[in-house]
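Peer 1: Below are the sequence and a predicted model; questions follow.
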Amino acid sequence: MNEQTPREIVKELDKYIVGQIQAKRAVAVALRNRWRSKRLPESMKEDIIPKNILMIGSTGVGKTEIARRLAKLVKAPFVKVEATKFTEVGYVGRDVESMVRDLAEVAVRMLKKERMAAVDDKAQELAEVRILDYFVPDQTTKNKNPLAQLFNKETADAQPDPQQEEKPKYQAGRDWCKKRLAAGDMEKEIIEIDVEDTAPMVGMFAGSGIEDMGSNIQDMLGSILPKKKKTRKVTVENARKVFIQEEAQKLIDMDEITTDAIQMAENSGIIFLDEIDKVAGRGNSSGPDVSREGVQRDILPIVEGSTVVTKYGPLKTDHVLFIAAGAFHTTKPSDLIPELQGRFPIRVELTALSKDDFKRILTEPANALLKQYAALLETEGLTIEFTAEAIDELADIACKVNEQTENIGARRLHTILEKLLEDLAFDAPELEEKHIEIDVDYVQSKLGHIVVDQDLSHFIL
Ligand SMILES: Nc1ncnc2c1ncn2[C@@H]1O[C@H](COP(=O)(O)OP(=O)(O)OP(=O)(O)O)[C@@H](O)[C@H]1O
């Protein structure tokens with residue numbers, strides 16, 4: 001369980017997200033509340049309803065980013081789903097539970113990765129032995145049944161094993177091979193290995209229209225049917241990768257992982273429900289409104305706390321943190337059905353981003369956009385540097401284009417930078433110049449004509 005205080009969490013989030021202090025505080029408190037409720041006596045715990053968050057703000061102002069960063073920070077399994085997905089034809093009334101199954105999937109994958117990393121050293125060692133065995137088989141254990149080995153062990157002290165005499169010869173070969181492998185001299189040599197033959201049934205269920213079914217059945221059958229093997233010729237380098245994977249797989253306990261993962265999803269999982277404003281609406285009218293209310297009614301039990309069957313076992317959603325988000329341009333939170341409103345009592349408004357915010361987003365966060373582009377070009381030996389005036393100009397352009405066309409928030413910075421650096425990205429490998437300063441003139445020369453032409457802006461920026 002995460003021990004960080006709200007203040008510490010906000011401080012961490014500050015490293016990545018500019019402004020939006022209310023939203024950051026809200027998610028930090030929600031997280032801390034889970035920690036607090038765990039410390040209460042059982043009788044009281046039951047009566048405390050976990051409080052979920054509703055984020056209100058236009059597109060591209062950092063709603064998803066805050067939730068995603070939070071999850072990463074506290075190593076919580078995280079899924080993002082669009083509420084509108086469930087209004088599509090044929091979706092109403094079914095499968096809102098898929099978001100919980102996805103959460104289970106993410107949790108299992110996370111834990112598996114973590115546990116595999118923990119046994120990586122051992123797996124590498126074992127993989128190396130398997131490669132060595134391919135070239136110079138270990139003759140001390142080969143072709144002996146365990147009983148014979150046991151017997152030999154007991155009598156070994158009294159009578160020396162006749163094979164002992166031969167040992168040095170092949171052992172010398174093994175040592176030599178080991179050295180060459182360690183030195184990386186054999187990486188390109190071809191060896192034959194057995195690999196699992198996967199994906200025989202994918203086609204069978206394709207186009208069934210029921211997205212999860214095919215893979216579920218395949219998973220089920222996959223664990224019952226024996227795995228087909230086929231022999232492949234690969235380089236030592238690639239064989240090692242396969243062996244490490246296989247050995248790590250043998251070293252971890254998948255049953256334990258699934259049990260722990262379900263528990264982790266239940267206690268710290270975060271589900272981000274985007275575009276909730278698009279399913280707001282009630283009433284008896286026909287058409288989309290009915291399905292909107294339908295979707296809300298489907299979502300409700302999951303948010304209220306229910307048990308969803310996943311392929312890893314039942315998952316209780318009582319303590320999963322739900323963060324709903326939407327722009328609410330044409331609807332209001334009060335257009336949601338009352339039960340759902342009650343489940344999202346924490347409301348935070350995210351502010352529209354100003355020119356100043358854009359400047360900060362470009363430069364301040366860890367791995368800020370300008371740093372990303374500079375690092376990418378640096379791999380070609382090209383360093384770029386933005387003058388303060390150029391950064392100001394870029395932020396200004398982002399604001400203007402957002403006003404003129406559609407306000408897509410900080411996402412505008414991505415499209416603008418992409419256009420700005422388009423030519424440099426193409427030419428970088430051949431450029432004579434190794435350092436380029438990007439000043440206002442450069443920005444103007446690349447973007448000026450597009451910004452003044454609204455039609456062009458619509459298409460290019
Ligand atoms: N306040 C911010 N600070 C830093 N980066 C931001 C901020 N707001 C947005 N961004 C960047 O803009 C991009 C889009 O942001 P995000 O995905 O959070 O949008 P959103 O508000 O969730 O919108 P939508 O509801 O359309 O998904 C991300 O790459 C994010 O890094």
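Peer 2: Sure thing, it's come through.
Peer 1: who does the longest helix seen in the chain touch, helix- and strand-wise?
Peer 2: Secondary structure of the chain per DSSP state H: the longest helix is helix 98-118. Identification of packing neighbours for helix 98-118 by 3 or more CB pairs under 8 Å, 6 or more residues apart in numbering; DSSP states H and E yields strand 78-82, helix 211-224, helix 254-268, strand 270-274, strand 307-310, strand 313-316. Where you see a C-beta, it was placed from the backbone N, CA and C, and this is true even at glycine.
Peer 1: which one of these has the most crowded surroundings?
Peer 2: strand 270-274 (a mean of 24; mean count of other CB atoms under 10 Å).
Peer 1: ok, that one: who's next to it in the sheet?
Peer 2: According to DSSP bridges, strand 270-274 forms sheet pairs with strand 78-82 (parallel), strand 321-326 (parallel).
Peer 1: Would you mark the buried spots in the very next helix or strand once past it?
Peer 2: Reading on from strand 270-274 to the C-terminus, the next helix or strand found by DSSP states H and E is helix 288-304. Buried residues in helix 288-304, defined by neighbour count with 16 or more other CB atoms under 10 Å: 291-296, 298-300, 302-303.
Peer 1: For these, give me CSV that also has pLDDT and distance to Ile438.
Peer 2: Formatted as CSV, the buried residues of helix 288-304 follow (pLDDT from 0 to 100; distance: CB to CB, whole Å):
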residue, pLDDT, distance to Ile438
Ser291, 71, 49
Arg292, 78, 47
Glu293, 80, 52
Gly294, 80, 52
Val295, 83, 47
Gln296, 87, 48
Asp298, 86, 50
Ile299, 89, 47
Leu300, 91, 51
Ile302, 92, 48
Val303, 92, 47
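Peer 1: so which of those residues comes closest to Val74?
Peer 2: Val303 (20.4 Å; CB to CB).
Peer 1: Would you agree that closest one is in contact with Arg343?
Peer 2: Yes - the pair Val303 / Arg343 is scored as a contact, 4.8 Å apart, by CB atoms under 8 Å.
Peer 1: Redo the strands paired with strand 270-274 as CSV? Include distance to Glu437 and mean pLDDT.
Peer 2: Formatted as CSV, the strands paired with strand 270-274 follow (distance: least, CB to CB, whole Å; pLDDT from 0 to 100):
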stretch, distance to Glu437, mean pLDDT
strand 78-82, 39, 94
strand 321-326, 39, 94
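Peer 1: can these go into TSV with extra columns for distance to Val242?
Peer 2: Formatted as TSV, those follow (distance: least, CB to CB, whole Å):
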stretch	distance to Val242
strand 78-82	30
strand 321-326	39
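Peer 1: Could you point out which of the ones you listed sits nearest Glu266?
Peer 2: strand 321-326 (11.0 Å).
Peer 1: which helices and strands does the following helix or strand past the closest one pack with?
Peer 2: The element immediately downstream of strand 321-326 (helix or strand, assigned by DSSP H and E) is helix 338-343. Packing partners of helix 338-343 (3+ CB pairs under 8 Å, 6+ apart): helix 288-304.
Peer 1: Could I get the buried residues of helix 288-304 in JSON lines, plus columns for distance to the ligand?
Peer 2: Converted to JSON lines, these look like this (distance: CB to the nearest ligand atom, whole Å):
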{"residue": "Ser291", "distance to the ligand": "21"}
{"residue": "Arg292", "distance to the ligand": "18"}
{"residue": "Glu293", "distance to the ligand": "22"}
{"residue": "Gly294", "distance to the ligand": "22"}
{"residue": "Val295", "distance to the ligand": "17"}
{"residue": "Gln296", "distance to the ligand": "18"}
{"residue": "Asp298", "distance to the ligand": "21"}
{"residue": "Ile299", "distance to the ligand": "17"}
{"residue": "Leu300", "distance to the ligand": "22"}
{"residue": "Ile302", "distance to the ligand": "20"}
{"residue": "Val303", "distance to the ligand": "19"}
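Peer 1: quick check, nearest of the residues you listed to Asp255?
Peer 2: Nearest member of the buried residues of helix 288-304 to Asp255, counting by CB to CB, is Ile302, at 26.2 Å.
Peer 1: Just the local confidence number for the closest residue to that closest one other than its chain neighbours, please.
Peer 2: Closest residue in space to Ile302, ignoring its immediate chain neighbours: Thr317 at 5.4 Å, by CB to CB, 6 or more residues apart in numbering. In this model, Thr317 is scored at 92, pLDDT.
Peer 1: Tell me who's in contact with Thr317.
Peer 2: Going by CB atoms under 8 Å, 6 or more residues apart in numbering, Thr317 touches 100, 266, 302-303, 305-308.
Peer 1: buried sites along the strand or helix carrying Met44?
Peer 2: Using DSSP H and E, Met44 sits in helix 42-45. Within helix 42-45, no residue counts as buried by 16+ other CB under 10 Å.
Peer 1: again, but for stretch 379-392
Peer 2: Applying a neighbour-count criterion of 16+ other CB under 10 Å, one finds 382, 384, 386, 390-392 buried in stretch 379-392.
Peer 1: what's the closest of these to the ligand?
Peer 2: Ile391 (14.7 Å; CB to the nearest ligand atom).
Peer 1: So which residues make contact with stretch 5-16?
Peer 2: Residues from elsewhere that reach stretch 5-16 (CB under 8 Å, 6+ apart): 4, 21, 24-25, 27-29, 31-32, 65-66, 69-70, 73-74, 365-367.
Peer 1: now do 7 Å
Peer 2: Outside stretch 5-16, the residues that touch it by CB atoms under 7 Å, 6 or more residues apart in numbering are 24-25, 28-29, 31-32, 66, 69-70, 73, 365-366.
Peer 1: what's the average pLDDT for it?
Peer 2: 94.
Peer 1: Distance from the chain centre to that stretch, please.
Peer 2: 20 Å (CA atoms, centre = their mean, to the nearest Å).
Peer 1: Out of the helices and strands packed on helix 98-118, flag the one nearest the ligand.
Peer 2: strand 270-274 (5.3 Å).
Peer 1: Number of residues surrounding Lys233?
Peer 2: The tally of other residues near Lys233 (other CB atoms under 10 Å) stands at 10.
Peer 1: Fine, thanks again, bye for now.
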